[in-house]
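In: Provided below for reference: sequence and predicted model.
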Amino acid sequence: MNIHEYQAKQLFEFFGVMTPKGAVITTHEEAKNIASSFINKTFVVKAQIHAGGRGMGTFTNGLRSGVHIVTTAEEACEVAHKMLGNTLVTHQTGPEGKLVSKVLIAESVEISKEYYLAIVLDRKSAAPMIIASTEGGVDIETVAAESPEKIWREAVHPLLGLQPYQSRNIARRLGFRGKQFLSASKLISNLYHLFEQSECMMVEVNPLVLTTSGEVFALDAKLSFDENALFRHENIAALRDTAEEDPREVVASTFHLNYIGLEGDIACLVNGAGLAMATMDIIKHHGGEPANFLDVGGGATEDQVTEAFKILSQDPKVRAILVNIFGGIMHCDIIAQGIINAFKTTKLSVPLVVRLEGTNVEQGKKLLRESQLPLQAATDLTDAAQRVVAAAASFSNHPISTH
Amino acid sequence: MSLLVDKNTRLLVQGITGKAGAFHARSCRDYGTDLVAGVTPGRGGELLDETIPIFDTVDEARKETGCNATMIFVPAAGAADAILEAAHAGMELIVCITEGIPVHDMMRVKAILATFSKNTPVLIGPNCPGIITPGQCKIGIMPGYIHKPGPVGVVSRSGTLTYEAVWQLTSRGIGQSTCIGIGGDPIHGMTQTEALRLFNNDPETEAIIMIGEIGGSEEEEAALWAKEHCKKPIAAFIAGATAPEGRRMGHAGAIIQGSSGTAHGKKEALHAAGIAVAESPADIAETLFSLLGKK
């Protein structure tokens, strides 16, 4: 789950991780009040959407850039006004762009030096790891490749948490002294509290900055949470903004289906995450492009299968559908019944290839045969992939204008 | 002799009164596994199917029945606690089926298991299909009938993709020594490398299939280990070549972060270690057979 920059900054504020003063606004009036309440009169005005590349983006109303630096409260209001309710297109949003309904107005700071600071849950050591570098504001993977000696890693004991001396060691290695050393140490400790208490997978501050007036600030924030832990963090779960997500994924999630939209034209419905990935791979292997990842899970009900089918068949990009089931816990007859139900309630205009194997496979095949639905039964995985790729290709050549 | 589980394994099921727990406890028993007890706090003293005693605690179940392996179906919020309870009660093998356990919980579980100076249990999972020694003992949710006793060891991070590979073997007449599903979570018990080591030392295993997926670096580490130490031929498949960066592909652990954890990088590492890599998931068994030079 991703959250907005302003939400991340509110979390930072709550945990005592210092960021420049700022506020989020949703109306022109709020913008006026906020901007005039600031002491510093240089502002940064930022459109709040989940996609990256905001600075280089363009609004559909002609406004350039989703990030502006202005020097008067009036200007801040004017820019915020132009952003609100308009659509920002960046290299990550796709050509349709994202509607901006919130704008962050913050005091701009003068940067003396930039640093990198992150906390990740390291899979290999099964422990939190602090990663820090004097090279901030740039891509950390590039730093790791070109000058690995400029990156420090500090392992944290999973049962004890980050100790204060470890924070001090990191702050010192980054070169902080005196009052700034103490502020940086405190910021690192507080960032760890946020990581631990919110059960993050990763917290990344790039850049962490020292300002010309001697303050240490987290200037940007990237947080990723463990979705499996959200049940005990209502405050974090509440930060989800479904307007920012693929609408197909939002619908799928309400039916507890694991769906991820992709760019291709061959939809697939599979049980099990590994087999679902492998199904995407085999479609590609035979020259097709998958339209989605969809794992209906081990214990899916008939209704879930029907809903899954609806999501796939309503996607206008889709030119063929492949159902690939290896029944373990999942019974093939349940899948078959779900397909038959879906046909009753939705109009399917694209070719359908079904491959069933495993528990109750004969009952499943019999149900499909007797339903006399227009589908192709595949004999094995390769046959299924070849059939669906061919079906999508010929469907593309003779599109039916039902969409 | 076989790997970790055999005819002498005495199985406990934690969460035996839940829908999934009861269903799979029966399915393991029907396969031939010696199911001796169940645990559900508050239901101690009852029986499952009028034969299997249910206890309130694992400690009591172990003392009363001598169970030495456990299969966990406890819901995600309490599953880490269930693993620790089993470990402290002295269970030798813990198979955790539960999906969706918070990663920070698993991190602490691993750290606590690392403090055991003796009787450290083997943990398989979580979020896994379990382990089966065909014809002897099944501890997990895999369909038993697709397996057949034989010489191939199978280790995998996935469930249904493992069934796919097993079925490819069985339908071509080749059986399996033991199949281990190590699970799809970022932090889990047994690793690919540990499974390879067990298969390498197991006299029943003649060849190995390893199924990995995007995310983490376990397959790369296993490749390095195999190059140095493994005497048996290995065929592999890596799922997720078409997965986009930064998205969790169903399994919490199946995610490409930056340039790490890609299918391409893993395949390169496997090739470099002399492991045969199937390009299509339909060719996993065939890839192993070509390696062995038989059809």
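Out: Nice, I can see it.
In: gap between the two ends of stretch A:144-160?
Out: The straight-line separation of the ends of stretch A:144-160 (Cα to Cα, to the nearest Å) is 28 Å.
In: What helix or strand is whichever residue of chain A sits closest to chain B located in?
Out: Residue of chain A nearest chain B, by Cβ to the nearest Cβ: A:Gly274 (2.3 Å). C-betas here are computed from N, CA, C, even on glycine. Assigned by DSSP states H and E, A:Gly274 falls within helix A:273-285.
In: What's the first helix or strand after that helix?
Out: strand A:292-295.
In: what does the stretch 151-300 of chain A put close to chain B?
Out: Applying Cβ under 8 Å from any Cβ of the partner chain, one finds that the stretch 151-300 of chain A approaches chain B through A:157-159, A:196, A:199, A:201, A:226-229, A:231-232, A:258, A:260, A:262, A:270-285, A:290, A:293, A:295, A:298-299.
In: Show me which of those residues are buried.
Out: A:158, A:196, A:199, A:201, A:226-229, A:258, A:260, A:262, A:270-285, A:290, A:293, A:295, A:298 (16 or more other Cβ atoms under 10 Å in any protein chain shown).
In: neighbours of the residue lying closest to B:Gly18 once chain neighbours are set aside, just the number please.
Out: What sits nearest to B:Gly18 in space, not counting adjacent residues and going by Cβ to Cβ, 6 or more residues apart in numbering or on different chains, is B:Phe73, at 5.7 Å. When counting by other Cβ atoms under 10 Å in any protein chain shown, one arrives at 25 neighbours for B:Phe73.
In: Wait, B:Phe73 touches B:Ile16, no?
Out: Yes - assessed by Cβ atoms under 8 Å, B:Phe73 is found in contact with B:Ile16 at 7.5 Å.
In: Stretch B:198-216 close to chain A?
Out: Yes - against chain A, stretch B:198-216 shows contacts by Cβ under 8 Å from any Cβ at B:211, B:213-214, B:216.
In: Low-confidence stretches in chain A?
Out: A:396-403 (pLDDT under 70).
In: same thing but at 50, please
Out: A:398-403 (pLDDT under 50).
In: any idea how far B:Arg248 is from the residue nearest to the spatial centre of it?
Out: Centroid-nearest residue in chain A: A:Asn2, 5.0 Å away (criterion: Cα atoms, centre = their mean). Taking Cβ to Cβ, to the nearest Å as the measure, A:Asn2 falls 12 Å from B:Arg248.
In: Could you report the neighbour count for residue 167?
Out: Since no chain was named, I'll use chain A. 21.
In: you looked at the wrong chain, it should be chain B
Out: Around B:Trp167 there are 20 residues (other Cβ under 10 Å).
In: Ok, A:Ala238 next?
Out: Counted with other Cβ under 10 Å, A:Ala238 comes out at 9.
In: And the strands in the stretch 101-250 of chain B, which stretches?
Out: For the stretch 101-250 of chain B, applying DSSP state E, counting those that start in this stretch gives strands covering B:122-124, B:130-133, B:137-140, B:149-156, B:176-181, B:207-213, B:234-239.
In: With distance to B:Ala282 and mean pLDDT as extra columns, can I get those in TSV?
Out: Output for these, formatted as TSV (distance: least, Cβ to Cβ, whole Å; pLDDT from 0 to 100):
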stretch	distance to B:Ala282	mean pLDDT
strand B:122-124	27	98
strand B:130-133	22	98
strand B:137-140	24	97
strand B:149-156	16	98
strand B:176-181	18	98
strand B:207-213	13	98
strand B:234-239	10	98
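In: Same list, those strands, but as TSV with mean neighbour count and distance to A:Pro351 please.
Out: Shown next, in TSV, are those (neighbours: other Cβ atoms under 10 Å in any protein chain shown; distance: least, Cβ to Cβ, whole Å):
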stretch	mean neighbour count	distance to A:Pro351
strand B:122-124	23	41
strand B:130-133	26	37
strand B:137-140	27	36
strand B:149-156	23	32
strand B:176-181	27	34
strand B:207-213	27	29
strand B:234-239	28	25
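In: closest one to B:Ala37 among the ones you listed?
Out: B:Ala37 lies closest to strand B:137-140 among the strands of the stretch 101-250 of chain B, at 13.5 Å (Cβ to Cβ).
In: Quickly check: that closest one near chain A or not.
Out: No - Strand B:137-140 lies apart from chain A when judged by Cβ under 8 Å from any Cβ; the minimum separation is 9.6 Å.
In: Please report how far the residue in chain B positioned nearest to chain A lies from A:Thr211.
Out: Nearest to chain A, among the residues of chain B, is B:Ser158, at 2.3 Å (Cβ to the nearest Cβ). For B:Ser158, the distance to A:Thr211 equals 49 Å [Cβ to Cβ].
In: Where does A:Ile131 sit: helix, strand or coil?
Out: strand (DSSP: H, G, I helix; E, B strand; the rest coil).
In: Please enumerate the helices of the stretch 1-150 of chain A.
Out: A:5-15, A:28-37, A:73-83, A:140-146 (DSSP state H, counting those that start in this stretch).
In: So which elements touch the shortest one?
Out: Packed against helix A:140-146, as judged by 3 or more Cβ pairs under 8 Å, 6 or more residues apart in numbering or on different chains; DSSP states H and E, are the following elements: strand A:111-122, strand A:127-133, strand A:151-155.
In: Export these to TSV and append columns for distance to B:Gly32.
Out: Shown next, in TSV, are the helices and strands packed on helix A:140-146 (distance: least, Cβ to Cβ, whole Å):
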stretch	distance to B:Gly32
strand A:111-122	40
strand A:127-133	40
strand A:151-155	45
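In: Nearest to A:Gln363, out of those strands?
Out: strand A:111-122 (43.9 Å).
In: Please spell out which residues along that closest one are buried.
Out: Per 16+ other Cβ under 10 Å, strand A:111-122 contains these buried residues: A:113-122.
In: How far off centre is it?
Out: 21 Å (Cα atoms, centre = their mean, to the nearest Å).
In: and that strand, what does it pack onto?
Out: So strand A:111-122, by 3+ Cβ pairs under 8 Å, 6+ apart, packs with strand A:127-133, helix A:140-146, helix A:178-197, strand A:200-211, helix B:103-113.
In: Report the inter-axis angle for the longest one versus helix B:103-113.
Out: Same thing as helix A:178-197. Here the directions of helix A:178-197 and helix B:103-113 differ by 90 degrees (axes from the mean of the first three to the mean of the last three Cα atoms, to 10 degrees).
In: Which positions in helix A:178-197 come out as buried?
Out: Buried-residue list, helix A:178-197, by 16+ other Cβ under 10 Å: A:180-181, A:183-192, A:194-196.
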